[in-house]
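Peer 1: from the sequence below, what's the structure:
(2 chains)
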Amino acid sequence: MALILDHVTYEYGNGTELTVRALNDVSLVIPDGQFIGLIGHTGSGKSTLVQHLNGLLTPTSGHIYYNGEDIHDRDFSKKKLRGRVGLVFQYPEHQLFETDVFTDVCFGPKNLGLDKKEVQLRAFQALKQVGLPDDCFYQPPFDLSGGQKRRAAIAGVLAMKPEVLVLDEPTAGLDPKGRDEILDLVSSLRDENGMTVILVSHSMDDVAEYVDRIVVMDRGGVCFDDTPKEVFSHKEELEGMGLSAPQVTDIMHALKKAGWSVDTTVTTLEETKREILKRLAR
Amino acid sequence: MKIVKTKDLVFEYIRRDEEGNVEGITTALDHVDLEVNPGDFIAILGHNGSGKSTLAKHFNAILMPTEGTVRVDGMDTGEQEKVWDIRQRAGMVFQNPDNQIIGQVVEEDVGFGPENMGVPTKEIWERVEESLRAVGMYEYRKYAPNKLSGGQKQRVSIAGVLAMHPKCIVLDEPTAMLDPGGRREVIRAVRALNDVEKVTVILITHYMEEIIHADKVFVMDGGKIAMQGTPREIFSRVEKLKELRLDVPKVTLLAHELKKEGVPLPDGILTVKEFVEALDRLRSGRR
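Peer 2: Take a look at the predicted model:
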């Protein structure tokens, strides 16, 4: 069921002279099974927003509802919420700490209070899901490559079987193939398990290729919330905010300027290719 | 003279278990021969674990070769007494700006390098000013670094290296943690250093678009140089790059895909401008 943010405002350093309003009256409805891209320049409030979703931060004012219940109600179990809303932080591999990968992945479900058999079963499934080869399971995390470590860290969150998966820049620092692999993995989690996915990203190209809906943050508020096509049609405004449109959209704008009557609302490579082929066929 | 020259460079890590017994040896660099001319803009590509960062760390003597030699501006990095000179000649900028800024105020941070080199105070201030101007951060000289955006912090880091008057600057994924605006700022600053100040640039990145203006590109794989050439030569080989877990700029990929559909476009289109011109030529050719 849905996650709802109702007029959420958050201030750091509350009551002091250095009060900073990081979130300003944010209202969002996140229905089940949606793949959402959350974009915004550094300091726009994305990470602060994300930390509200599983109750790590408490709003200064406003409410957050999960399945109809206020998550800051006294009798609401935050622990259960954290099993349901899984957060993968930036560079999650820095948080691997156990002596081997399998034990590390067990840490989350173990803390949910599950019995040992169930914990191990879930850890095994999660490692399979992220596509780590079997011979990595009992290796120290430090012996894995960058991309593998990141998968192991994501497995640690998946093992808790979350309904909502939030990933804060999961592809930063990975090579292009590694980027595609992680995004394909996330996309398949949504398609096969019906998981809700929120992807915080600085790559407009990745967001355009994968998500259903884009939420754009600027100065603590939501300034666009729509389909990729609609959001990226505001190319100039996005550039003014330190963001950009996908490169293929830029290409179409350049073609239009050169006198080609092309559709400038395309956002993916496949669409762009089809559009150009169509124009050339005339 | 070459600014950087490696000859038969081999670097091995010794892996040990918990008791300190040797478990095995990993060869991170495997007989690398590479030369960089002064004033060039060089890009190094390669998948995670291909050895590119290990290679970069040899350029300012953070790592020493197991076999072979690395010469920076003619000095052998293996000679202990040359280490400080080498680090002054070849400065390094890393991925995370928060790990490399130490000053409370921007101008103090930028002055840290020259101060440690024993530069006279008056000259330190001159260097701080010119370095901050070169990266477009002079107006922020009195700011606290924690009040800056990622791109701004990274430009301060670059100014900090620049203030030591290096001949060469090595940037190891300087834009990996930045938003698109920050990425544009940093790349613009780096290109200006190369064009205007004639500083040799060695840029390591996973963003293919950032290196289309480079003079030469090296692609690493398994600790070896797998490909080298101009950006146009490298990016003409889309399939080979994909095999090496890499990519090409989006516009190059689009041209490649269109070509596969039978559109007669030239190989190695690197910019949107080239792409539009090539399509224009096709259109006028048919009329």
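
Peer 1: when you work out contacts or count neighbours from here on, use the C-alpha atoms and nothing else.
Peer 2: Noted.

Peer 1: okay, now residue 177: neighbour count?
Peer 2: In the absence of a named chain, chain A is used. 18 (other C-alpha atoms under 10 Å in any protein chain shown).

Peer 1: my bad, the chain I had in mind was chain B
Peer 2: Applying other C-alpha under 10 Å, we find 22 residues neighbouring B:Met177.

Peer 1: in what helix or strand does it lie?
Peer 2: B:Met177 belongs to no helix or strand when assigned by DSSP states H and E.

Peer 1: geometric centre of chain B: which residue is closest?
Peer 2: Among the residues of chain B, B:Leu203 comes closest to the average C-alpha position under C-alpha atoms, centre = their mean, at 1.3 Å.

Peer 1: and it, how far from B:Ala163?
Peer 2: Using C-alpha to C-alpha, to the nearest Å, B:Leu203 is found at 19 Å from B:Ala163.

Peer 1: again with A:Lys257
Peer 2: Taken as C-alpha to C-alpha, the span from A:Lys257 to B:Ala163 is 42 Å.

Peer 1: what does chain B put close to chain A?
Peer 2: By C-alpha under 8 Å from any C-alpha of the partner chain, the residues of chain B that approach chain A are B:46-49, B:149-150, B:173, B:176-182, B:206, B:242, B:245-247, B:250-251, B:254, B:257-258, B:272-273, B:276, B:283.

Peer 1: make a ChimeraX selection of the buried ones in those.
Peer 2: Buried residues among the residues of chain B next to chain A (16 or more other C-alpha atoms under 10 Å in any protein chain shown), as a ChimeraX selection:
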select /B:46,47,48,49,149,150,173,176,177,178,179,180,181,182,206,245,246,247,250,251,254,257,258,272,276
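
Peer 1: show the pLDDT at A:Thr196.
Peer 2: A:Thr196 carries a pLDDT value of 95.

Peer 1: repeat for B:Asp221
Peer 2: 95.

Peer 1: repeat that for the one 3 residues further on.
Peer 2: Residue-level confidence at B:Lys224 comes out at 95, pLDDT.

Peer 1: for it, phi and psi?
Peer 2: phi -120, psi 160 (degrees, to the nearest 10).

Peer 1: from A:Tyr210, how far off is the closest residue to it other than its chain neighbours?
Peer 2: Leaving aside its chain neighbours, B:Lys224 sits nearest to B:Asp30 (5.4 Å; criterion: C-alpha to C-alpha, 6 or more residues apart in numbering or on different chains). B:Asp30 sits 38 Å away from A:Tyr210, taking C-alpha to C-alpha as the criterion.

Peer 1: also A:Leu87?
Peer 2: Taking C-alpha to C-alpha, one finds A:Leu87 at 19 Å from A:Tyr210.

Peer 1: comparing A:Lys257 and B:Ala163, which residue is more hemmed in?
Peer 2: Each of A:Lys257 and B:Ala163 has its neighbours counted (other C-alpha under 10 Å); B:Ala163 has more, 25 against 12.

Peer 1: could you pull up the residues touching that one?
Peer 2: Counting by C-alpha atoms under 8 Å, 6 or more residues apart in numbering or on different chains, B:Ala163 touches B:Val110, B:Gly111, B:Gly113, B:Pro114, B:Ile124, B:Arg127, B:Val128, B:Glu130, B:Ser131.

Peer 1: who's residue 11 bridged to?
Peer 2: You didn't say which chain, so I picked chain A. A:Arg21 (DSSP bridges).

Peer 1: can you look at chain B instead?
Peer 2: Beta-bridge partners for B:Phe11, by DSSP bridges, are B:Leu29.

Peer 1: with the one 4 residues further on instead?
Peer 2: Partner residues in beta bridges with B:Arg15, using DSSP bridges, are B:Gly24.

Peer 1: count of residues packed around it?
Peer 2: 13.

Peer 1: surely it meets B:Gly24?
Peer 2: Yes. B:Arg15 lies in contact with B:Gly24 (C-alpha atoms under 8 Å); the separation is 5.3 Å.

Peer 1: and the residue of the stretch 1-150 of chain B nearest chain A?
Peer 2: Closest approach between the stretch 1-150 of chain B and chain A, counting by C-alpha to the nearest C-alpha: B:His47, at 5.0 Å.

Peer 1: err, the stretch 51-200 of chain B, not the other one
Peer 2: Nearest to chain A in the stretch 51-200 of chain B, going by C-alpha to the nearest C-alpha, is B:Gly181, at a distance of 4.1 Å.

Peer 1: gap between that residue and B:Asn194?
Peer 2: Distance of B:Gly181 to B:Asn194, given as C-alpha to C-alpha: 20 Å.

Peer 1: same check, this time on A:Glu270
Peer 2: Distance from A:Glu270 to B:Asn194, by C-alpha to C-alpha: 36 Å.

Peer 1: could you do B:Cys168 as well?
Peer 2: Taking C-alpha to C-alpha, one finds B:Cys168 at 9 Å from B:Asn194.

Peer 1: between these two, tell me which one has more neighbours.
Peer 2: Between B:Cys168 and B:Asn194, counting by other C-alpha under 10 Å, B:Cys168 is the more crowded of the two (31 against 17).

Peer 1: which residues touch that one?
Peer 2: Neighbouring residues of B:Cys168 by C-alpha under 8 Å, 6+ apart: B:Ile3, B:Pro38, B:Arg89, B:Ala90, B:Gly91, B:Val199, B:Thr200, B:Val201, B:Ile202.

Peer 1: backbone phi and psi for it, please?
Peer 2: Per-residue torsions, B:Cys168: phi -140, psi 140 (degrees, to the nearest 10).

Peer 1: picking up where we left off before, which of the residues of chain B next to chain A fall in strands?
Peer 2: The members of the residues of chain B next to chain A that map onto strands under DSSP state E are B:Gly46.
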